[in-house]
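[1] Model the following, please.
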Amino acid sequence: MNLSTRMPIWLALVGNLVVVAVTVGLLGWNSAGGHAAARNTARFSALWCAIALAGPAVCQIFRNGSESRLIHAFVAAHSMHFLAVLAVLATYERAHIAARPGESVAVIAVGSLLMLGLAYTAAAARRLTRAIRSLTLYAASLIFFLAFYHHTVRPIRGIAALLAIALILRVTTSLTFRPAPARPA
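    Just a heads-up that it's a prediction; the model follows:
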């Protein structure tokens, strides 16, 4: 697979759309099906987060990779998760939003700003922008790690382990790997 093309972005976007379609197809569009779709899209997005986090190692393996494309793929997958969550909130959780408007807006705003910042800085060339990209990627990874590490379903905790492995790969590979400059989109 050529990771320097937009293929990873499309795989992440369409893949998470398939996750929604299969979940809703199996459970229906009701409160349980909508919530399951939101959970499943988060899990799929977490896998792309791990791939983006391990970007330097993944790019070395494929030898034609672009870390910025992997980050954009994660943002694409997570955008589908946001849409699933917004659909559930708008359809089934209006009372929750009314009861906790500040908390609801804060969670959506922080998550959206984190993803926008990550998308904007993915192909960063300047040192400060690269630092912001790293911080946002680490923050998103930490949020996923904590959510899955404490999950009540033990097999789901494997996603936390995958994120930890991705972090180790990133740190160890980044010590020796200097990616080629990103190509314009």
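
[2] pLDDT averaged over the longest helix along the chain, what's the number?
    Longest helix of the chain, by residue count under DSSP state H: helix 67-92. What helix 67-92 shows for mean pLDDT is 93.

[3] So what's the gap between the helix or strand that it is followed by and the chain middle?
    Next in sequence after helix 67-92, counting helices and strands by DSSP states H and E, comes helix 94-99. Distance of helix 94-99 from the chain centroid (CA atoms, centre = their mean, to the nearest Å) equals 26 Å.

[4] And for stretch 133-152?
    Distance, centroid of stretch 133-152 to centroid of chain: 10 Å (CA atoms, centre = their mean).

[5] who touches it?
    42, 45-46, 49-50, 52-53, 71, 74, 78, 114-115, 117-118, 121-122, 124, 156-160, 163-164, 166-167 (CB atoms under 8 Å, 6 or more residues apart in numbering). All C-beta spots, glycine's among them, are computed from the backbone N, C-alpha and C.

[6] Now, of the residues you listed, which are buried?
    42, 45-46, 49-50, 52-53, 71, 74, 78, 114-115, 117-118, 121-122, 124, 156, 159-160, 163, 166-167 (16 or more other CB atoms under 10 Å).

[7] pLDDT score assigned to V22?
    pLDDT, V22: 98.

[8] Okay, it and I61: tell me how far apart.
    V22 is 29 Å from I61, where distance means CB to CB, to the nearest Å.

[9] And for A38?
    According to CB to CB, A38 and I61 sit 32 Å apart.

[10] more crowded one of the two?
    Shown here are A38 and I61; by other CB atoms under 10 Å, A38 has more neighbours (20 against 12).

[11] isn't that one right up against T91?
    No. Applying CB atoms under 8 Å as the test, A38 and T91 come out as separate, 11.0 Å apart.

[12] how about E93, phi and psi?
    With angles defined as degrees, to the nearest 10, E93 sits at phi -120, psi 30.

[13] and it, how many residues sit next to it?
    Neighbours of E93 using other CB under 10 Å come to 16.

[14] now it: how far from G34?
    Remark: distance between E93 and G34 (CB to CB) = 9 Å.

[15] go on, I9?
    25 Å.

[16] Looking at those two, which has the bigger crowd around it?
    G34 (24 against 20).

[17] residues contacting the more buried one?
    For G34, the contact set (CB under 8 Å, 6+ apart) comprises V24, A84, A87, V88, T91, Y92.

[18] how close does the last one get to G33?
    In this structure, Y92 lies at 10 Å from G33, with CB to CB as the measure.

[19] go on, the fourth one?
    With distances defined as CB to CB, the gap from V88 to G33 amounts to 9 Å.

[20] these two touch, right, S104 and I97?
    Yes. Here S104 reaches I97: they are 4.8 Å apart, a contact under CB under 8 Å.
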